[in-house]
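J.: Test case, fold it:
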Amino acid sequence: MENVFFLRGLIIGLSIAAPVGPIGVLCIRRTLNEGRRAGLFTGLGAASADAIYGYVAGSGLVFISSVLVGQQVWLRIIGGLFLCFLGIKTLLSRPAEHAASIRRYRHAEAYVSTFFLTLTNPMTILSFAAVFAGLGLSGGSYVSAGLLVVGVFSGSAIWWLFLSSMVSAFRSGFDAHRLQWVNRISGIIILTFGAFALVSLTQFLP
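T.: Reported below is the predicted structural model:
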């Protein structure tokens, strides 16, 4: 029975992580510019945040869910501005000549940035709450919620490992000129996601 909760969490984590969004764009861009490890750490930051929200939704912590949803205006502002910052930073950045030249703190930076971005996305908790409620997984015991969280993290991590590995396999075909265009296109896409998050605030105006 316990394996069922883990398996369900694995599928949920994989399905929520797979759609391409700003985190996916960041993972692809960082993998091409800085190597597979940088892309993987980018994804693991999102996977960690997914696990936290999965626990909130799976254990039926209604109070925390309500607070997060109630503060979604501020979360959209913070997340949107941070996406705009990352978009501009990516747009103007120059590609690294060698992945080996990337210092370890950059991997920590990659992890923290996507962890923060995922936490400040109110749609994340809403997605988990909807999926868990639809499957009748909310409000379970702490053991079942824990197994779901491990499954969610594992499923999300598997996706990011797959994506960063696949992109890394094609990295040798990208020279400095192509990587520069990757930065520009990625920056524009991420900036667009940030601008959309800020524009969406108009729906909360009286």
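J.: Could you point out the helix or strand that follows the helix or strand of the chain with the lowest mean pLDDT?
T.: The weakest-scoring helix or strand in the chain, judged by mean pLDDT, DSSP states H and E, is helix 62-70 (a mean of 59). Per DSSP states H and E, the first helix or strand lying C-terminal to helix 62-70 is helix 72-92.
J.: quick one: average pLDDT of that next one?
T.: Confidence for helix 72-92, expressed as mean pLDDT, is 82.
J.: The helix or strand following it vs helix 72-92, what angle?
T.: Once helix 72-92 ends, the next helix or strand along the chain (criterion: DSSP H and E) is helix 104-119. For helix 104-119 against helix 72-92, the angle by axes from the mean of the first three to the mean of the last three Cα atoms, to 10 degrees is 140 degrees.
J.: and helix 104-119, what does it pack onto?
T.: helix 22-34, helix 36-58, helix 72-92 (3 or more Cβ pairs under 8 Å, 6 or more residues apart in numbering; DSSP states H and E). To be clear about C-beta, it is placed using only N, CA and C from the backbone, and glycine gets the same treatment.
J.: Residue 155 is nearest to which of those helices?
T.: helix 36-58 (8.4 Å; Cβ to Cβ).
J.: Do you know the pLDDT at the spatially most central residue of the chain?
T.: With distances taken as Cα atoms, centre = their mean, residue 46 lies nearest the centre of the chain, 3.4 Å away. At residue 46, the pLDDT value in this model is 91.
J.: Settle this for me: it is touching residue 115, isn't it.
T.: Yes: look at residue 46 against residue 115 with Cβ atoms under 8 Å: they come within range, at 7.0 Å.
J.: Lovely, talk soon.
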